[in-house]
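[1] build me a model:
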Amino acid sequence: MIIKLIEAVYGFLWGDLITIPLPGGGGLGLSLLVLLLIPTGIYFTLRTRFLPIRMFPDMIHAMTEKKERDGSAISTFQALVVSTATRVGMGNLVGVVAAISAGGAGAVFWMWLTAIIGSSTAFIEATLAQLYKEKDPLYGGYRGGPAYYIHHYIERKRGGAPRRYSILAVLFALSGLICWCGISQVISNSVASSFQNAFHIPPIYSTLILVVLAAVIVLRKNATVKVLDVLVPIMAACYFIMTVFLILLNLDQIPAVFSRIFSEAFGLRQIAAGGFGAVVMNGVKRGLFSNEAGSGSAPCAAAAANTNHPAAVGLVQALGVFIDTIVICSCTAFIILLVPEEITAGLAGMDLMQAAMNYHVGGFGVVFIAVILWLFSFSTFIGILFYARSNVAYLFGDNWASQTAYKVLALIMLFIGGLAAYTFVWDLGDVGVGLMTVFNLAILFPLSGEALASLRDYENTYKKK
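    Residues are numbered from 1 along each chain as shown. Model (predicted):
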């Protein structure tokens with residue numbers, strides 16, 4: 001019953017809402033999420049006057065800003081680290097592999113496009129999270145995110161009278177908790193699979209180790225950010241250096257890879273075969289899962305930052321989307337696409353990724369991917385539970401019982417996902433992130449003027465210095 005409900009909601013969010021006929025008898029199916037995210041990204045890119053390009057130097061500057069610590073509040077850079085833990089994590093390996101497996105090389109182009117225009121959306125939602133953040137009485141510092149700015153907007157529209165809950169904010173918070181439980185299962189499922197391939201370790205052992213280590217971190221009060229501060233830069237640097245090294249070894253083939261990406265993104269062969277819609281859909285879907293722009297996840301970390309200016313956090317989160325998709329996801333895609341197609345034919349998921357690494361560097365590549373996936377997965381799990389703090393607090397109030405209960409639930413999902421290859425775990429994560437996106441975007445438009453005003457103030461303040 002639950003699985004059928006998940007599949008039905010998944011079909012509504014990600015299934016073809018409208019179909020545009022194409023030559024050759026095929027069609028371009030556009031889902032509700034594609035119809036919402038792409039126009040939204042274009043709109044905010046225009047309203048911010050092409051912020052991802054125009055203000056790229058400002059993004060770098062904002063990331064390095066100095067601000068006196070305020071109790072347990074985290075810095076702008078630490079907020080980027082937390083959001084990067086989930087962006088540069090599962091989406092960069094499992095998400096990219098899933099996109100290429102289902103949509104071919106052309107899906108990579110649509111991931112890029114989603115990221116470029118999504119950077120502007122990420123700026124808007126992160127800046128709003130800063131503008132509406134609150135003090136966190138449990139963990140110290142600040143908390144916030146879409147549930148909070150949605151609540152304040154609805155409260156204001158209803159005359160300003162204080163309200164305990166807003167239905168739309170409640171729906172967002174619940175969707176987030178559902179999404180992160182789904183992602184927990186994807187995490188352990190992927191780790192168990194890769195460790196079985198690399199080391200022939202039964203899933204029960206790799207899953208138990210992952211769950212126990214995760215429990216040691218997440219059940220402590222303030223260990224999350226400290227662990228991610230160390231883990232994320234190291235794992236991202238190791239993966240980036242390895243993939244860039246392999247790309248440089250195959251530099252002469254890079255033009256052919258780009259040619260394949262662009263030809264399949266708009267290729268007549270895909271259109272004629274009726275597969276063009278799959279190329280677009282999988283690129284956009286996995287692009288959203290990877291960079292999270294518009295979904296409302298990253299603002300939960302952005303709200304926790306102590307900053308000199310709200311727009312500075314927005315700029316840093318926009319940079320995070322660039323780092324995630326344009327840099328790290330592209331590295332993963334190139335590693336796969338540099339392998340002859342006959343070697344990867346018929347492979348999907350982590351089998352595809354490990355086969356690609358085995359082609360490049362032999363058995364070491366299989367081991368490397370298993371270890372890096374474990375680190376990425378571990379950081380993703382810790383990061384999503386940092387996100388969950390504010391949503392749990394909004395729904396159940398400020399108490400340790402509800403915070404701990406959700407962490408235990410997520411740990412149980414982490415354990416279950418490693419033991420059984422449930423086919424609907426991706427659907428559960430996609431349903432959660434899809435619902436979050438719908439509820440978040442519904443408020444981003446009416447509130448975006450405040451974020452844009454903050455951007456103008458930032459430019460007026462800092463450009464004059």
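[2] switch to C-alpha atoms for all contacts and neighbour counts from now on
    Noted.
[3] how deep is residue 166 tucked in, by neighbour count?
    17 (other CA atoms under 10 Å).
[4] hang on, it packs against residue 156?
    No: look at residue 166 against residue 156 with CA atoms under 8 Å: they stay out of range, at 11.2 Å.
[5] could you pull out the strands for the stretch 1-150 of the chain?
    Counting by DSSP state E, counting those that start in this stretch, the stretch 1-150 of the chain has these strands, from start to end: 18-21, 27-30, 134-135, 142-143.
[6] comparing those strands by mean pLDDT, which bottoms out?
    The minimum mean pLDDT among those belongs to strand 27-30 (a mean of 67).
[7] how many neighbouring residues does the nearest residue in space to residue 38 that is not next to it in sequence have?
    If the residues on either side of it in the chain are set aside, residue 38 comes closest to residue 114, at 7.0 Å by CA to CA, 6 or more residues apart in numbering. Residues contacting residue 114 under the criterion other CA under 10 Å number 26.
[8] for the protein, longest helix please?
    Of all segments of type helix in the chain, defined using DSSP state H, the longest is helix 425-462.
[9] and that helix, what's its mean pLDDT?
    Computed over helix 425-462, the mean pLDDT rounds to 86.
[10] do a quick rundown of the strands in the stretch 201-350 of the chain.
    Listed in chain order (using DSSP E, counting those that start in this stretch), the stretch 201-350 of the chain turns out to have no strands.
[11] low-confidence ranges, it, go.
    Counting by pLDDT under 70, the ranges of the stretch 201-350 of the chain that qualify are 222-224, 267-291, 345-350.
[12] before we move on, back to that, got the buried residues for the longest helix of the chain?
    The neighbour-count criterion (16 or more other CA atoms under 10 Å) identifies 425-441, 443-444, 447-448, 451-452, 454-455, 458 as the buried residues of helix 425-462.
[13] and the one helix or strand residue 393 maps to, how far out from the chain middle?
    Take DSSP states H and E as the rule and residue 393 turns out to sit in helix 363-396. For helix 363-396, the distance between its averaged C-alpha position and the chain's averaged C-alpha position is 11 Å (CA atoms, centre = their mean, to the nearest Å).
[14] after it comes which helix or strand?
    Downstream of helix 363-396, the next assigned helix or strand under DSSP H and E is helix 400-419.
[15] if you count neighbours, what's buried in that next one?
    Buried positions in helix 400-419, judged by neighbour count with 16+ other CA under 10 Å: 402-404, 406-407, 410-411, 413-419.
[16] ok, now stretch 188-199?
    Neighbour counts over stretch 188-199 (16+ other CA under 10 Å) mark 188, 189, 190, 191, 192, 193, 194, 195, 196, 197, 198 as buried.
[17] which ones among those residues lie within helices?
    Among the buried residues of stretch 188-199, the residues falling in helices (DSSP H) are 188, 189, 190, 191, 192, 193, 194, 195, 196, 197, 198.
[18] surely the fifth one and residue 415 touch.
    This means residue 192. No: with contacts counted by CA under 8 Å, residue 192 stays clear of residue 415, the gap being 10.2 Å.
[19] shared neighbours, those two?
    Each of residue 207 lies in contact with both residue 192 and residue 415 under the rule CA atoms under 8 Å, 6 or more residues apart in numbering.
[20] what ranges of the stretch 51-200 of the chain fall below the confidence cut-off?
    Applying pLDDT under 70 to the stretch 51-200 of the chain flags the ranges 66-73, 87-95, 98, 101-103.
[21] ranges for the helices of it?
    Using DSSP state H, counting those that start in this stretch, the helices found in the stretch 51-200 of the chain span residues 51-54, 56-63, 76-87, 90, 96-103, 106-131, 146-157, 167-199.
[22] now, of the ones you listed, which is deepest in the fold?
    Ranked by mean neighbour count under mean count of other CA atoms under 10 Å, these are led by helix 106-131, which reaches a mean of 28.
[23] how far does that helix sit from its chain's centre?
    Its chain's average C-alpha position is 10 Å from that of helix 106-131, according to CA atoms, centre = their mean.
[24] tell me what angle it forms with helix 425-462.
    Computed by axes from the mean of the first three to the mean of the last three CA atoms, to 10 degrees, the angle separating helix 106-131 from helix 425-462 equals 60 degrees.
[25] and the longest helix of the chain, what does it pack against?
    Here helix 425-462 touches helix 2-14, helix 32-47, helix 106-131, helix 146-157, helix 167-199, helix 310-321, going by 3 or more CA pairs under 8 Å, 6 or more residues apart in numbering; DSSP states H and E.
[26] so that helix versus helix 146-157, what angle?
    Counting by the same axes, to 10 degrees, helix 425-462 points 60 degrees away from the direction of helix 146-157.
[27] orientation of helix 425-462 relative to helix 32-47 in degrees?
    Counting by the same axes, to 10 degrees, helix 425-462 points 10 degrees away from the direction of helix 32-47.
[28] now do helix 425-462: distance to the chain's middle.
    Centroid separation for helix 425-462 versus its chain: 14 Å, with CA atoms, centre = their mean.
[29] ok, now stretch 353-366?
    Stretch 353-366 has its average C-alpha position 26 Å from the chain's average C-alpha position, going by CA atoms, centre = their mean.
[30] which parts of it are buried?
    Neighbour-count burial for stretch 353-366, with 16+ other CA under 10 Å as criterion, is recorded at 353, 354, 355, 356, 357, 358, 359, 360, 365, 366.
[31] pretty sure the third one contacts residue 364?
    Same thing as residue 355. No: taking contact to mean CA under 8 Å, the distance of 11.4 Å between residue 355 and residue 364 leaves them out of contact.
[32] out of the helices and strands packed on helix 425-462, nearest to residue 383?
    helix 167-199 (9.9 Å; CA to CA).
[33] that older thread, now the helices and strands packed on helix 425-462 as JSON lines including distance to residue 298?
    Output for these, formatted as JSON lines (distance: least, CA to CA, whole Å):
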{"stretch": "helix 2-14", "distance to residue 298": "21"}
{"stretch": "helix 32-47", "distance to residue 298": "16"}
{"stretch": "helix 106-131", "distance to residue 298": "7"}
{"stretch": "helix 146-157", "distance to residue 298": "10"}
{"stretch": "helix 167-199", "distance to residue 298": "11"}
{"stretch": "helix 310-321", "distance to residue 298": "8"}
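[34] quick one: residue 42 from residue 459, how far?
    Counting by CA to CA, to the nearest Å, the gap between residue 42 and residue 459 amounts to 21 Å.
[35] how near is residue 145 to residue 411?
    Counting by CA to CA, the separation of residue 145 from residue 411 is 23 Å.
[36] my bad, residue 265
    Relative to residue 411, and taking CA to CA, residue 265 is found at 39 Å.
[37] same thing with residue 357?
    Using CA to CA, one obtains 30 Å as the distance from residue 357 to residue 411.
[38] with residue 13 instead?
    Distance check for residue 13 against residue 411: by CA to CA, it reads 27 Å.
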